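Peer 1: Got a predicted model here, sequence first, then my questions.
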Amino acid sequence: MKKIFLSAIFFLFFQNVFCQNVLLKYNGSGSYVYIERTDVRRYDNGKYTGLVSREVRSFIAPTSVPSGGKISDRYYDGSFFIDEATKRNSREVNLGINGAVPSSFKISSDGILTMLVDNGYPSFRSFPAFTNQRISIGDKWQAKAERVVDPLNKGIFTKLPILVEYTYLKDELFHGEEVYVFSAQWATRYGISYWDFAGDKDLKSAQGSHKATMYVSKKSGNALVVRDMVDETFIYNDGNIYSFKGSISMFTEYPPAYDKNKLIPALQRVASVSEKEIKEILEKPVNESSWIESEKKSSGSIEKNDFESGANSRRNNSYAEKKIAKNENQTYGAKNHPQKKKDSADEIQSKISAGKNSSSNSKSEKKVIVENTAAGIRLTMQNLNFKPDSSELLPGENERLDQIAQVLKEVPDQMFLVEGHTASVGYEKGEMKLSVERANSVANALIQRGIPREKFICKGSGGTKPIADNSTPEGKAKNRRVEITILE
């Protein structure tokens, strides 16, 4: 009896010491690559029609907390690339230069994902999601999630709400990282009590089952690997029935670490600042949420003209930017460049950067702004010389592009995000298209200088992320820029 009693005490002690309860939490991470691979057998009206293989590869980079956002949430911008194998062709995905689908979202500490810019990706949302209760191995919980589907590749996305049951299976090491191992299962139910009125109106109903195993990083809360076994059927209004049986695998990969100090000489040349100033930029802790709060406290509020619509993503830890700003304020006065209603963004640009205006081509205006951001080191080229309403670079940018190429060659294992921006003059579609084309133009110029094409991710933001007042010529000049971020 005594032995049984002691054994019971030892068991309880073992439970308390080695099976402590844990509180799951999404802590976020830096930039990462998210890959979703689908390999399923397709059946049309019960007849096997072949194996469907599809890959979605995305590059996700953190962005700053927007005005009014919650500091506890993590905000991300993504660029998604879709392998066209499901359309019966073998064309490779042309990473970075074509086919990027933009996305923007936030993730709260419990794993709930909220879309901010929704173009159908990512397809799994709030998955995994965490309970707010402490749990131990063997415990279960349920959480709502959402899956976005386009079974016939029509380009019309339908949202399916799902209720996932999770089980905490065990702890493990995965590629040297501590992970939780969970199982997850849920049923597809669409068309009975829920319809997505913004989705595919031809889709009548859907049903099926999913059983998944996932490895979740203890450090970040990211699902590093998910393998989902799917058996799903979609019924359309025309009576056709399409079934898919197989697997959906999801992976999260992180960019390799690199030594920022090896970049210092190249960054000095590109920004024309001292070694001390570059070191201060690189060593300054990246905490954009704290920066936003300190700006509010020091100035009383964030000025709308300076930080509207995403402009608070800029940081004031760049010495080169301060020097350029001083010169621009002297050079680009409204008196010298009057604003006219009929002027397009590029007509204004041509006035500011015309070769005849020697002051607008001064050496100080050709610097590259260096910043340390949550996504990585960012190099910003302002006052770029393009042909009006064109993505063709004019002569005069070779020196800056040569210097930037030298910086990128120092980190050959990293990916580079090239983002184009325009001033905002009221032509949103045209501005977005032009910003993408100009990002591609800069990437192509760097490819010609020896940077591998597959290293680039290109996107355009049009005039949606101003860093200055769009009502003045000098503000428009600052907003018209291309940013190159070394993702980390």
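Peer 2: On my side now, so go ahead.
Peer 1: Just to check, residue 407 is in contact with residue 265?
Peer 2: No - taking contact to mean Cβ atoms under 8 Å, the distance of 9.5 Å between residue 407 and residue 265 leaves them out of contact. The C-beta positions use only the backbone N, C-alpha and C, and glycine is treated the same way.
Peer 1: neighbour count winner among those two?
Peer 2: For residue 407 versus residue 265, the count of surrounding residues by other Cβ atoms under 10 Å is larger for residue 407: 22 against 14.
Peer 1: can you give me the end-to-end distance of stretch 65-75?
Peer 2: End-to-end span of stretch 65-75 (Cα to Cα, to the nearest Å): 6 Å.
Peer 1: roughly how far out does it sit from the chain middle?
Peer 2: Taking Cα atoms, centre = their mean, to the nearest Å, the mean C-alpha location of stretch 65-75 is offset from the chain mean by 15 Å.
Peer 1: do the same with stretch 143-152
Peer 2: When distances are taken as Cα atoms, centre = their mean, stretch 143-152 is centred 20 Å away from the chain's centroid.
Peer 1: tell me which residues of stretch 469-478 are tucked away?
Peer 2: For stretch 469-478, the neighbour count (16 or more other Cβ atoms under 10 Å) marks 469-470, 472-478 as buried.
Peer 1: List just the nearest of the residues you listed to residue 254.
Peer 2: Using Cβ to Cβ, residue 478 comes nearest to residue 254 of those, at 32.4 Å.
Peer 1: Might one say that that closest one is in contact with residue 472?
Peer 2: No - shown here, residue 478 and residue 472 do not form a contact pair, counting by Cβ under 8 Å, at 9.5 Å.
Peer 1: tell me the mean pLDDT for the strand or helix carrying residue 116?
Peer 2: The secondary structure element spanning residue 116 is strand 113-117 (assigned by DSSP states H and E). In this model, strand 113-117 has an average pLDDT of 94.
Peer 1: Would you give the sheet partners of the helix or strand that it is followed by, along with the direction of each?
Peer 2: Downstream of strand 113-117, the next assigned helix or strand under DSSP H and E is strand 124-125. Pairing partners of strand 124-125, with direction, according to DSSP bridges: strand 140-149 (antiparallel).
Peer 1: Give me the angle between the helix or strand following the partner strand and strand 140-149.
Peer 2: If you walk from strand 140-149 toward the C-terminus, the next helix or strand you reach (DSSP H and E) is strand 158-174. Between strand 158-174 and strand 140-149, the angle comes out at 130 degrees (axes from the mean of the first three to the mean of the last three Cα atoms, to 10 degrees).
Peer 1: so what strands line up beside strand 158-174?
Peer 2: Its sheet considered, strand 158-174 pairs with strand 140-149 (antiparallel), strand 177-190 (antiparallel) by DSSP bridges.
Peer 1: buried ones in the first one?
Peer 2: Read that as strand 140-149. Within strand 140-149, the residues that qualify as buried are 141, 143, 145-149, counting by 16+ other Cβ under 10 Å.
Peer 1: Relative to residue 33, which of the strands paired with strand 158-174 is closest?
Peer 2: With Cβ to Cβ as the criterion, residue 33 lies closest to strand 177-190 of these, at 15.5 Å.
Peer 1: what's the closest one in contact with?
Peer 2: 22, 24, 127-128, 145, 147, 158, 160, 162-173, 196, 203, 205-219, 224, 228, 232 (Cβ atoms under 8 Å, 6 or more residues apart in numbering).
Peer 1: Only whichever of the residues you listed are buried, select them in ChimeraX.
Peer 2: Below is the selection syntax for ChimeraX that covers the buried ones among these, with 16+ other Cβ under 10 Å defining burial:
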select :24,127,128,145,147,158,160,162,164,166,167,168,196,203,205,206,208,210,212,214,215,216,217,224,228,232
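Peer 1: What pLDDT is listed against the closest residue to residue 438 other than its chain neighbours?
Peer 2: Among residues not flanking residue 438 along the chain, residue 420 sits closest, at 4.2 Å (Cβ to Cβ, 6 or more residues apart in numbering). The predicted structure scores residue 420 at 91 on the pLDDT scale.
Peer 1: thought residue 420 was touching residue 442?
Peer 2: Yes - judged on Cβ under 8 Å, residue 420 makes contact with residue 442 at a distance of 7.5 Å.
Peer 1: Could you name every residue contacting both of these two?
Peer 2: Residues touching both residue 420 and residue 442 (Cβ under 8 Å, 6+ apart): residue 482.
Peer 1: rewinding a little: show me what the residue nearest to residue 438 is bridged to.
Peer 2: residue 460, residue 482.
Peer 1: What residues of stretch 384-392 count as buried?
Peer 2: Using 16+ other Cβ under 10 Å as the test for burial, stretch 384-392 gives 384-386, 388, 391.
Peer 1: circling back: between the strand holding residue 116 and strand 158-174, how many degrees?
Peer 2: Going by the same axes, to 10 degrees, strand 113-117 makes 120 degrees with strand 158-174.
Peer 1: Mind giving me the packing neighbours of strand 113-117?
Peer 2: Strand 113-117 makes packing contacts with strand 101-107 when contacts are defined by 3 or more Cβ pairs under 8 Å, 6 or more residues apart in numbering; DSSP states H and E.
Peer 1: gap between the strand it packs on and the chain center?
Peer 2: Remark: strand 101-107 is offset 6 Å from the chain centroid, using Cα atoms, centre = their mean.
Peer 1: before we move on, what about stretch 165-176?
Peer 2: On the basis of Cα atoms, centre = their mean, the separation between the geometric centre of stretch 165-176 and that of its chain is 26 Å.
Peer 1: Could you list the low-pLDDT ranges of the stretch 301-450 of the chain?
Peer 2: Of all residues in the stretch 301-450 of the chain, those with pLDDT under 70 make up the ranges 301-366.
Peer 1: all strands for it, in order.
Peer 2: 368-372, 376-382, 416-421 (DSSP state E, counting those that start in this stretch).
Peer 1: sorry, back to before: so for residue 461, which of the strands paired with strand 158-174 sits nearest?
Peer 2: Distance to residue 461, taken as Cβ to Cβ, is lowest for strand 140-149 among these, at 22.8 Å.
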